[in-house]
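A.B. asks: Sequence and predicted structure below; questions after.
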Amino acid sequence: MTPGKKKGVFFFNCGIHAREWISPATCMYMLRNMLERSTSDISVKKMLDDYEWNILPVFNVDGYEYTHTRVC
């Protein structure tokens, strides 16, 4: 990151739709890989250092819960 340069932002909002079950799992998989590789992989470290990360794994909490507790 160049000194004085403003960081770019990555914003992931997953699980927007009630029956979109794979999206939250994909977010968590991506996040886990980024964290596990943050010190061992220089490209991941650079990506994490150069950008601000905002990850919302489940955007529609009520819909996600509903589809897991009710028969559709």
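C.D. replies: Perfect, thanks for sending it.

A.B. asks: What are the boundaries of the helices in this protein?
C.D. replies: 22-36, 42-50, 61-69 (DSSP state H).

A.B. asks: Buried residues in the second one, which are they?
C.D. replies: Applying a neighbour-count criterion of 16 or more other Cβ atoms under 10 Å, one finds 44, 48 buried in helix 42-50. Glycine gets a C-beta too; all of them are placed from N, C-alpha and C.

A.B. asks: what angle sits between that helix and helix 22-36?
C.D. replies: 100 degrees (axes from the mean of the first three to the mean of the last three Cα atoms, to 10 degrees).

A.B. asks: average pLDDT across helix 42-50?
C.D. replies: Averaging pLDDT along helix 42-50 gives 94.

A.B. asks: Equivalent analysis for the first one, please.
C.D. replies: Taken as a whole, helix 22-36 carries a mean pLDDT of 89.

A.B. asks: list the helices and strands that helix packs on?
C.D. replies: Judged by 3 or more Cβ pairs under 8 Å, 6 or more residues apart in numbering; DSSP states H and E, helix 22-36 is in contact with helix 42-50, strand 51-56.

A.B. asks: Which positions within it qualify as buried?
C.D. replies: 23-24, 27, 34.

A.B. asks: Export stretch 54-68 to PDB, keeping only CA atoms.
C.D. replies: The C-alpha trace of stretch 54-68 is given here as PDB (Å, rounded to 0.1, in the frame of the first residue of the first chain):
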ATOM      1  CA  ASN A  54     -16.500  -5.900   5.200                       C
ATOM      2  CA  ILE A  55     -18.200  -9.300   5.200                       C
ATOM      3  CA  LEU A  56     -21.800  -9.900   6.200                       C
ATOM      4  CA  PRO A  57     -22.200 -13.700   6.000                       C
ATOM      5  CA  VAL A  58     -26.000 -13.700   6.600                       C
ATOM      6  CA  PHE A  59     -27.900 -10.600   5.500                       C
ATOM      7  CA  ASN A  60     -31.400 -12.100   5.800                       C
ATOM      8  CA  VAL A  61     -31.200 -13.700   9.200                       C
ATOM      9  CA  ASP A  62     -35.000 -14.300   9.600                       C
ATOM     10  CA  GLY A  63     -35.300 -15.900   6.200                       C
ATOM     11  CA  TYR A  64     -32.300 -18.100   6.700                       C
ATOM     12  CA  GLU A  65     -33.700 -19.400  10.100                       C
ATOM     13  CA  TYR A  66     -37.200 -19.800   8.600                       C
ATOM     14  CA  THR A  67     -36.000 -22.100   5.800                       C
ATOM     15  CA  HIS A  68     -34.100 -24.300   8.300                       C
END
